[in-house]
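Novice: Quick one, structure for this:
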Amino acid sequence: MSVEPRVAITGISGRFGRRLAQLLHRTCTVVGIDRRPLHGGPRDVETHQIDIRRQRCEEIFRAGAFDAVVHLNVMHDPRTSSEEHHTFNIKGTTRVMDYCVRHRIPKLILLSTANVYGPRAENPQFLTEDAPLMGGTRFGEIRDLIALDMCGQSFFWKHPEVETVILRPVHIIGAVKNAPSNYLRLKQIPRLAGFDPMIQLIHEDDVARAIIEALKPGLRGVFNVAGCMPVPLSDILSRLDANIIDFPHFLAEPTLERMWRMRLTSFPPPEIDHLRYVCMVDDQPARQVLGYQPRFELDATLAHLRLTQGVELR
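Specialist: All right, here's what the predicted structure looks like:
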């Protein structure tokens with residue numbers, strides 16, 4: 001009788017963490033770690049409500065006998081101070097890496113983002129994993145995510161005994177609270193006049209399945225993860241039958257900044273560059289090495305977005 005692998009998920013109480021647990025608990029013993037309580041997760045998931053930066057969190061890793069750790073416990077809230085972002089993201093991630101080494105956990109998966117490359121006018125059509133990480137040029141939050149990604153790359157080389165996998169998915173669409181989903185849920189969607197960049201979206205369940213594929217023994221490396229076929233932004237808005245408001249670029253950015261300060265929008269001003277420039281990735285290594293294949297085409301992904309329309313956004 002085979003024994004189910006034991007997988008720890010940090011940040012399990014977030015919307016994506018709960019969804020991953022729902023998919024993973026069918027084949028693995030899942031243990032969740034989060035400073036927030038878990039609501040709506042599978043009943044058979046063991047959970048620990050604790051901040052991963054706390055020293056006593058190590059006892060969970062010592063006693064857990066984990067086969068793998070999926071690290072999702074990363075702060076993304078752009079309204080949180082940069083100091084809190086840095087302390088939570090970098091210190092928390094470093095602690096998790098230390099625990100993996102000390103307690104001989106053979107696999108670590110870090111969820112990064114393709115946004116670390118940054119939308120830029122000079123980007124090639126498709127970026128590969130060795131492209132420079134330029135996303136922090138105008139967006140402070142992305143600088144922390146770049147630091148986290150580079151921390152993972154350094155750990156990859158320093159500790160070859162731990163199979164480290166870093167996944168960089170494109171814009172995740174679903175119940176998650178992120179800028180792309182928030183933007184596409186708006187009743188009136190602003191668009192920059194004269195710009196129509198190609199966009200890559202990915203269904204949140206495809207991201208979860210990429211993580212599940214990466215859990216296989218023997219796999220390590222940095223992988224871009226794409227979903228639907230890329231299409232122009234105008235095509236996405238047309239399929240949503242969106243009420244579009246075209247803004248000249250010189251008016252859009254200062255207007256969005258004022259709305260952001262007044263808390264009238266959940267779309268961070270620096271994200272406006274994604275409405276101007278391309279930031280698409282080549283994910284052939286993920287398909288060839290991990291065996292990843294997206295299941296959801298664009299229409300199914302946008303239909304999923306509509307199903308999560310009623311999700312409260314804060």
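
Novice: what about the stretch 1-150 of the chain, any weak spots by pLDDT?
Specialist: Flagging of the stretch 1-150 of the chain using pLDDT under 70 yields the residue ranges 1-2, 78, 81-82, 140.

Novice: Try it again at 50.
Specialist: Along the stretch 1-150 of the chain, the parts satisfying pLDDT under 50 run over 1-2.

Novice: What are the boundaries of the strands in it?
Specialist: Residue ranges of the strands in the stretch 1-150 of the chain, as given by DSSP state E, counting those that start in this stretch, are 6-10, 29-34, 46-49, 68-71, 107-111.

Novice: Can you say which of these is nearest to residue 224?
Specialist: Among the strands of the stretch 1-150 of the chain, the nearest to residue 224 by CB to CB is strand 107-111 (12.6 Å). Glycine gets a C-beta too; all of them are placed from N, C-alpha and C.

Novice: Which secondary structure elements does the closest one sit against?
Specialist: Counting contacts by 3 or more CB pairs under 8 Å, 6 or more residues apart in numbering; DSSP states H and E, the secondary-structure elements packed against strand 107-111 are strand 68-71, helix 92-102, helix 140-158, strand 163-169, helix 204-214.

Novice: Adding mean neighbour count and distance to residue 293, write these out as a markdown table.
Specialist: Listed next are these as a markdown table, based on neighbours: other CB atoms under 10 Å; distance: least, CB to CB, whole Å:
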| stretch | mean neighbour count | distance to residue 293 |
| --- | --- | --- |
| strand 68-71 | 25 | 20 |
| helix 92-102 | 19 | 28 |
| helix 140-158 | 18 | 24 |
| strand 163-169 | 25 | 14 |
| helix 204-214 | 23 | 8 |
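
Novice: Turn those into TSV, including distance to residue 60.
Specialist: TSV is the format used below for the helices and strands packed on strand 107-111 (distance: least, CB to CB, whole Å):
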stretch	distance to residue 60
strand 68-71	11
helix 92-102	8
helix 140-158	20
strand 163-169	20
helix 204-214	20
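
Novice: for the ones you listed, which one sits closest to residue 118?
Specialist: Taking CB to CB as the criterion, helix 140-158 is the member of the helices and strands packed on strand 107-111 that comes nearest to residue 118, at 7.2 Å.

Novice: Measure how far that closest one is from the centre of its chain, please.
Specialist: Mean C-alpha position of helix 140-158 versus that of the full chain (CA atoms, centre = their mean, to the nearest Å) differs by 14 Å.

Novice: cool, stretch 280-299 as well?
Specialist: Put simply, stretch 280-299 sits 15 Å off its chain's centre (CA atoms, centre = their mean).

Novice: Pull out the buried positions in it.
Specialist: Neighbour counts over stretch 280-299 (16 or more other CB atoms under 10 Å) mark 280-283, 285-287, 289-290, 292, 294, 296, 298 as buried.

Novice: Turn the strands of the stretch 1-150 of the chain into CSV, including distance to residue 236.
Specialist: Below are these laid out as CSV (distance: least, CB to CB, whole Å):
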stretch, distance to residue 236
strand 6-10, 30
strand 29-34, 32
strand 46-49, 36
strand 68-71, 29
strand 107-111, 23
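
Novice: Which of these sits closest to residue 195?
Specialist: That would be strand 107-111 among the strands of the stretch 1-150 of the chain, by CB to CB, at 28.9 Å.

Novice: Identify the residues contacting that closest one?
Specialist: Contact with strand 107-111 is made by 67-72, 74, 93, 96-97, 100, 148-149, 152, 155, 162-167, 169, 207, 211, 214-215, 217, as judged by CB atoms under 8 Å, 6 or more residues apart in numbering.

Novice: and residue 203, how far is that from residue 175?
Specialist: Distance from residue 203 to residue 175, counting by CB to CB, to the nearest Å: 11 Å.

Novice: Can you flag which of the buried residues of stretch 280-299 belong to helices?
Specialist: Using DSSP state H, 285, 298 are the members of these that sit in helices.

Novice: and of the buried residues of stretch 280-299, the nearest to residue 3?
Specialist: Using CB to CB, the shortest approach to residue 3 within the buried residues of stretch 280-299 belongs to residue 290, at 23.4 Å.

Novice: if I look at that closest one, how far off is residue 162?
Specialist: Counting by CB to CB, the gap from residue 290 to residue 162 is 17 Å.

Novice: any weak-confidence spans in the stretch 201-314 of the chain?
Specialist: Applying pLDDT under 50 to the stretch 201-314 of the chain flags residues 311-314.

Novice: one more time with 80
Specialist: Within the stretch 201-314 of the chain, the stretches with pLDDT under 80 are 265-267, 270, 308-314.

Novice: where along it do the helices fall?
Specialist: Assignment of helices within the stretch 201-314 of the chain using DSSP state H, counting those that start in this stretch yields the ranges 204-214, 233-239, 249-261, 284-285, 298-307.

Novice: so can I have a markdown table of those showing distance to residue 39?
Specialist: Listed next are those as a markdown table, based on distance: least, CB to CB, whole Å:
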| stretch | distance to residue 39 |
| --- | --- |
| helix 204-214 | 18 |
| helix 233-239 | 31 |
| helix 249-261 | 29 |
| helix 284-285 | 36 |
| helix 298-307 | 19 |
